[in-house]
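Enquirer: Sequence and predicted structure below; questions after.
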Number of protein chains: 2
Amino acid sequence: MEKSRDDPRGLSRRQMLGAGASTVLGGLALSASGAFAQTGELPAEWDETVDVVVVGTGFAGLAAAYEAAKAGASVALLEKMRTPGGNSIISGGVIAAAGSPLQAERGIEDSPQSLYEDMLRAGLRLNQPELARTVAEKSMETVQWTIDELGVRYAGLVHMGGHSVPRSYGLEAESGSGIIVPQLQKLKELGVEPRMRMLLKRIIRDEDGRVKGVLVHRNFRHPDLESGTPMTIRASRAVVLATGGFGADPAFRALQDPRLGGDLDTTNQPGATAEALREALSIGCILVQPSWIQLGPWASPDERGFGRAPHFVQEVTASYGLWIDTLTGKRFVNENADRKTRADAILAAGNKAIAIADAAGYARATGGDTEDLASMMSAGVVREYASLEAIADAHQIPLEPLLKTIGAFNRDLDAGADRAFGRYLPADIGTVATPPFYVVRLSPKIHHTMGGCAINADAQALDIRSGAPIAGLYAAGEVAGGVHGASRLGSCAYADCLVFGRIAGRNAAAAPRWD
Amino acid sequence: MEKSRDDPRGLSRRQMLGAGASTVLGGLALSASGAFAQTGELPAEWDETVDVVVVGTGFAGLAAAYEAAKAGASVALLEKMRTPGGNSIISGGVIAAAGSPLQAERGIEDSPQSLYEDMLRAGLRLNQPELARTVAEKSMETVQWTIDELGVRYAGLVHMGGHSVPRSYGLEAESGSGIIVPQLQKLKELGVEPRMRMLLKRIIRDEDGRVKGVLVHRNFRHPDLESGTPMTIRASRAVVLATGGFGADPAFRALQDPRLGGDLDTTNQPGATAEALREALSIGCILVQPSWIQLGPWASPDERGFGRAPHFVQEVTASYGLWIDTLTGKRFVNENADRKTRADAILAAGNKAIAIADAAGYARATGGDTEDLASMMSAGVVREYASLEAIADAHQIPLEPLLKTIGAFNRDLDAGADRAFGRYLPADIGTVATPPFYVVRLSPKIHHTMGGCAINADAQALDIRSGAPIAGLYAAGEVAGGVHGASRLGSCAYADCLVFGRIAGRNAAAAPRWD
């Protein structure tokens, strides 16, 4: 229906109105400035010129900068925060790879097709198929690349939730730093170093539809978006947006899901805000699937960020204990359901739920690692109570319903079946009855934003008017949308960021120069 | 975090860069044209000037035009198609009203709060609370307004799915024409007539951030977006976007939900495309929740549009028959589940499902209205078969599984409980065994797009950079997003469109003039 609008170079206003319009529009003060468009004039002089500008220093940005520099492009690598790495450097350290040597060693059959299908199942088939397929097909070669070119070291294979087989490589470093640090090292060898405290203010899109550079604020002081000093950087070949998601931006989150405003914390670093995404949308990018925001249901409001609660909540309370709605004293969800089901249920219960385990359950789950427990207790994340009555008192839970709930749950455990929610029960589970009891307050935290700029499998950002690629603009990583659909599987963000970061960097370096 | 950006007038580029920037940016060819922004120059002369431009002639557009004209504004009312009314005029003819005289007559207790809660339950609490609350609180006064001011006639109260009580007024006309026709009549009395075949091409937003008019193509020939002749209309007070949803736009649908591309039909009129929404996003509107697209699960691919299948499929096959996945010969969903569950299940079954009823079930459901049935059969929508074997043969269903499925279903009916899916069974249901059998092929059709431009409760469109209202721009009806969250309840679109259409029209007429 819009067949005349698929010019990948974009259309100037003059072109859009067409020759015939000039008579009718004789009264319009036509100029070279691209009126009615998202475009603007170029600086007469740029403060700096490079081939490729990469914005963001997480996995995607560093991968893009590496591939671009390796291809011979000069690269400006910009980071708004004081340190590089974004969310990537603080993330959990596992990357999906389908059909790996580690799988072969263990006799595990796997294929890109199987990973693709797992991604689509988790994503409720909202995933853009060609994007998910690209990640799945390139996952193994990407892990191999981290080993061969970056020297990344892995500890072994992990079976992440929602994956049909164990296929995720766990980093020796146990966090994303195990990839970020080698990425930075290799970039340094290529002469590219991230420039800190450089905030993207404007993506400069010319009236011919092409992105030609950026306006940034150097010496930016997060989170003051007006701080710093403006400067322009010309991108002779392309700009790569790798600015991450908006998990730490309550205002933008609440626009897309009003439940997720300022009351909720996030596992993300504080720089995971939306101003770069807003700018990309302002100059004509397409926002896709923005209301699909992944929450971690295993988080505690008694610590900041990802914290230490998730492991305890998941391994101890969700397997050997139970979760209670403090308003009713009842269980309210299968404590081992998928992340979305559990987070939605906690929010629907007024965000006033707690996770409970008893001493026996804790010992079964952990082998009785008291040192770790003592540390979480001294941090106020895990609280110890001598009785259920003490829990009810401390958390303002109606006592009778609480006792009734735990009684019924224990009878179910004795009978070997969770009649209320059908939860899978470990073989060695026992009743929740042995003091002391341990409690973690629950409050879901924003973990990943699946939506973002529409891209194609070449990592080109697409234009809202034409649907065609925006010349000179690439996007990769969490700022791009559509790869994961409704829900991202654990360890697939690493693959997504590295796969599309590399594609974006290679394509940006090969984009035609403009003059 | 963006405290300096909440100027509701918008910010010119010069303002955005700040005074301090001019030295650093001395090289930039600054002009009055708003470089780097979505804004553009104004025509030196406009072809026409009015107070308020209203784009779209469904419920929302006509309500906006009416309120604006009634307030004394001059109004240009634009419609791109050859006839007015949009989707509204072909819609089902029911409007929600909480706390009505008809409810009081029948002793039904209801309140805006109850309607609000029903909307949020259906919307999975993704609804923007203040928008849903506005619709709920104004629903009854809006229906009363249609009676008192428009002379609309209602036949009685209807209990729509998902509403906790019967609260929807059914139009005597049994379609939206029962409101659209009186709206057009009243507008004519105020001197406002819709101008057909006027396509919105550009929303003209000035560098001061204010929307000041539109560029349209008159004599537009749908769907050729380049057809027609350009003309500019100055909106001295405001522009109201009431351009509807994108249910008939496969390309835009597929961007947000790749399952919903060109293979699927829609219940919408052919003009329900996204070009006006794309334009609104291009000049700085915010897209919210676009991947929430409502499908009708009760539709047939053997007729265009809403058609006649839905009534038969819902009343006959979903209550007295069963649905079969033709690939497996098995039931695959509770045939009376909510729309989303059923549509998702049909798509997950490869979009190859059929609905079956037998002669006895048909008679129970309808009282045996053979005239209606004969007509649907001659249209090819309902197909008649002498045996289950004939159905299997005609629809390429594996026979043994089909017979086994129907045998098991009939045993469940005898036992009085649907053991497979827990479907509610009518008291007079009998086994599915009496030939002839009736079959409708199923294929979900796109029915309503919940996402769209972000608005506030004053129907002001919000700006992607600042989050603040865009001066001079209002949006109402399906083009706006956030009212219904994840899923719109039946009869709530009427209330939404009329409530926000009236708000938009009143506020547009009261907006300050610009010079």
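Expert: Happy to help now that I have it.

Enquirer: How about the residues of the stretch 201-350 of chain A by chain B?
Expert: A:202, A:204-205, A:215, A:223, A:225-226, A:229-232, A:249, A:251, A:255-259, A:273, A:275, A:278-279, A:281-284, A:286-292, A:344, A:347-348 (C-beta under 8 Å from any C-beta of the partner chain). Where you see a C-beta, it was placed from the backbone N, CA and C, and this is true even at glycine.

Enquirer: Which residues are in contact with the nearest residue to residue A:386 once chain neighbours are set aside?
Expert: Nearest non-adjacent residue to residue A:386, counting by C-beta to C-beta, 6 or more residues apart in numbering or on different chains: residue A:435, 5.4 Å away. Applying C-beta atoms under 8 Å, 6 or more residues apart in numbering or on different chains to residue A:435 gives the contacts A:358-359, A:385-387.

Enquirer: switch to 7 Å and redo it
Expert: A:358-359, A:386-387 (C-beta atoms under 7 Å, 6 or more residues apart in numbering or on different chains).

Enquirer: now it: how far from chain B?
Expert: For residue A:435, the distance to chain B (C-beta to the nearest C-beta, to the nearest Å) stands at 37 Å.

Enquirer: now swap in residue A:185 and tell me
Expert: 33 Å.

Enquirer: about what we covered before: whichever of the residues of the stretch 201-350 of chain A next to chain B end up buried, select them in ChimeraX.
Expert: To isolate the buried members of those in ChimeraX, using 16 or more other C-beta atoms under 10 Å in any protein chain shown:
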select /A:202,204,205,215,223,225,226,230,231,232,249,255,256,257,258,259,273,275,278,279,281,282,283,284,286,287,288,289,290,291,292,344,347,348
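
Enquirer: and the residues of the stretch 201-350 of chain A next to chain B, which of them are in strands?
Expert: A:202, A:204-205, A:215, A:229-232, A:287-288 (DSSP state E).

Enquirer: Confirm for me that residue A:298 is in contact with residue A:313.
Expert: Yes. Counting by C-beta atoms under 7 Å, residue A:298 touches residue A:313, with 4.1 Å between them.

Enquirer: Burial check on residue A:105, number of neighbours?
Expert: 10 (other C-beta atoms under 10 Å in any protein chain shown).

Enquirer: how about it, what does it touch?
Expert: Going by C-beta under 7 Å, 6+ apart, residue A:105 touches no other residue.

Enquirer: Ramachandran angles for it?
Expert: phi -50, psi -40 (degrees, to the nearest 10).

Enquirer: can you list contacts of stretch A:367-375?
Expert: A:362, A:382.

Enquirer: ok, residue A:371 - how many residues close by?
Expert: Neighbours of residue A:371 (other C-beta under 10 Å): 8.

Enquirer: my hunch is that it is in a strand, does that hold up?
Expert: No. Applying DSSP: H, G, I helix; E, B strand; the rest coil, one finds residue A:371 to be helix, outside a strand.

Enquirer: Relative to chain B, how far out is it?
Expert: Distance from residue A:371 to chain B, by C-beta to the nearest C-beta: 39 Å.

Enquirer: Report pLDDT for that residue.
Expert: For residue A:371, the pLDDT comes out at 86.

Enquirer: Likewise for residue A:491?
Expert: 95.

Enquirer: give the contact list for it.
Expert: Residue A:491 touches A:94-96, A:160, A:168, counting by C-beta under 7 Å, 6+ apart.

Enquirer: next one: residue A:159
Expert: residue A:166.

Enquirer: Hmm, residue A:276 and residue A:246 touching each other?
Expert: No. Contact criterion C-beta under 7 Å: residue A:246 and residue A:276 do not qualify, at 9.2 Å.

Enquirer: Which residue of these two possesses the greater neighbour count?
Expert: residue A:246 (29 against 24).

Enquirer: for that one, phi and psi?
Expert: Torsion angles, degrees, to the nearest 10, at residue A:246: phi -120, psi 30.

Enquirer: where's it relative to residue B:422, distance?
Expert: As judged by C-beta to C-beta, to the nearest Å, residue A:246 and residue B:422 stand 39 Å apart.

Enquirer: One more: residue A:477?
Expert: 43 Å.

Enquirer: Please apply the same query to residue A:273.
Expert: Distance of residue A:273 to residue B:422, computed by C-beta to C-beta: 45 Å.

Enquirer: Also residue A:85?
Expert: From residue A:85 across to residue B:422, the span is 50 Å (C-beta to C-beta).

Enquirer: Please say which of those two ends up with more neighbours.
Expert: More crowded of residue A:85 and residue B:422, by other C-beta under 10 Å: residue A:85, with 25 against 11.

Enquirer: which residue packs closest to the more buried one, ignoring adjacent ones?
Expert: The shortest distance from residue A:85 to any non-neighbouring residue, by C-beta to C-beta, 6+ apart, is to residue A:180 (4.5 Å).

Enquirer: element containing that neighbour?
Expert: Secondary-structure element containing residue A:180, defined by DSSP states H and E: helix A:177-189.

Enquirer: Please apply the same query to residue A:494.
Expert: Counting by DSSP H and E, the element that carries residue A:494 is helix A:492-510.
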